[in-house]
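> Provided below are the primary sequence and the corresponding predicted coordinates.
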Amino acid sequence: MGSETAAMAQEIDFSLLALFMRATLTVKIVMILLIIASFWSWKIIIEKIMMYRLRRSEAGSFDRAFWSGEPLDELFDQIGTEPKGASQKIFASGMIEWRRSHRDDGALIAGAQARIDRSMDVAIAKETDKLNQGLPFLATVGSTAPFVGLFGTVWGIKNSFEEIAISKSTDLAVVAPGIAEALVATGLGLLAAIPAVIFYNKLSADSDRIAGNYESFADEFATILSRQLDS
């Protein structure tokens, strides 16, 4: 009897595709959702890694130009009012407000420093929002995917016990396929959650550092402009 059961178990296809096809509709939906969440997470991760690398490179190039000793007005004229780089946008927002704060006779309008600071703060907030886009999704996947996978596992094991009760047999050939299908759901949940958690933590730290550099630059730029305002 044991040899017959083992032979029957060996004939069962335990490939991932076969397990998916044999799963119940509920478990299939869980698996599909987890696969989509995993692919979408990796899409966000790759995009953010590329974006942050570009932002750091752009910020480094602009810092060299900013501290090269070139007059700020000439640097602004080269960049224009609608630059593409994030650091350049922050600089441009401050310079635009700086120029708007001068009357036709060259005198400064009262409250220029506050308006310049506020203008750069708005630009920083916009760039920070772009840095953080997609990160909440990674956090959601990291925290919920294991439980979604566990739900699929519990549902699949429930169906396995129902099949045992119906067939009145606990042979491996009866029990194993359903349990294997159920465990795949847990595996997919972990497969989606683990990278999401790891890269959420890394990307959040990278985003905070980049945003901190933007704020530091804005403070230094505001200090330079305040000297000119006081002179």
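Noted; the coordinates are in hand. Numbering: from 1, shown residues only.

> what's around Q78, how many residues?
Q78 is flanked by 11 other residues according to other CB atoms under 10 Å. Just so you know, the C-beta spots here come from the backbone N, C-alpha and C atoms, and that holds for glycine as well.

> that one: which element?
helix 72-79 (DSSP states H and E).

> can you list the low-confidence ranges for this structure?
1-20, 102-108, 167-177, 229-231 (pLDDT under 70).

> what angle separates the longest helix seen in the chain from helix 72-79?
Using DSSP state H, we find that the single longest helix of the chain is helix 172-230. Here the directions of helix 172-230 and helix 72-79 differ by 140 degrees (axes from the mean of the first three to the mean of the last three CA atoms, to 10 degrees).

> can you spell out which helices and strands pack onto helix 172-230?
helix 2-11, helix 16-22, helix 25-66, helix 86-100, helix 112-132, helix 135-167 (3 or more CB pairs under 8 Å, 6 or more residues apart in numbering; DSSP states H and E).

> tell me, what residue is most central in this structure?
L135 (3.1 Å; CA atoms, centre = their mean).

> distance check, it against N201.
L135 sits 10 Å away from N201, taking CB to CB, to the nearest Å as the criterion.

> for stretch 123-142, buried residues please.
Neighbour counts over stretch 123-142 (16 or more other CB atoms under 10 Å) mark 123-124, 127-128, 131, 134-135, 137-138, 141-142 as buried.

> restricting to C-alpha, output it in CSV.
What follows is stretch 123-142, C-alpha atoms only, in CSV (Å, rounded to 0.1, in the frame of the first residue of the first chain):
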residue,chain,number,x,y,z
ALA,A,123,10.4,73.8,-4.7
ILE,A,124,12.0,71.4,-2.2
ALA,A,125,8.6,70.1,-1.1
LYS,A,126,7.7,69.3,-4.7
GLU,A,127,11.0,67.5,-5.4
THR,A,128,10.7,65.6,-2.1
ASP,A,129,7.3,64.4,-3.1
LYS,A,130,8.8,63.1,-6.4
LEU,A,131,11.5,61.3,-4.4
ASN,A,132,8.9,59.6,-2.2
GLN,A,133,6.4,58.6,-4.8
GLY,A,134,5.9,54.8,-4.8
LEU,A,135,7.6,54.2,-1.4
PRO,A,136,4.3,53.9,0.4
PHE,A,137,3.4,51.1,-1.9
LEU,A,138,6.6,49.3,-1.0
ALA,A,139,5.7,49.7,2.7
THR,A,140,2.2,48.4,2.1
VAL,A,141,3.4,45.4,0.2
GLY,A,142,6.1,44.7,2.9
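
> which residues touch it?
37-38, 40-41, 44-45, 47-48, 51-52, 55, 86, 89-90, 92-93, 192-194, 196-197, 199-200, 203-204, 207, 210-211, 214-215, 218 (CB atoms under 8 Å, 6 or more residues apart in numbering).

> quick check: ChimeraX command selecting the buried ones in the residues you listed.
In ChimeraX, this line selects whichever of these come out buried by 16+ other CB under 10 Å:
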select :37,38,40,41,44,45,48,51,52,55,86,89,90,92,93,192,193,196,197,199,200,203,204,207,210,211,214,218
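
> with that, I have no additional questions.
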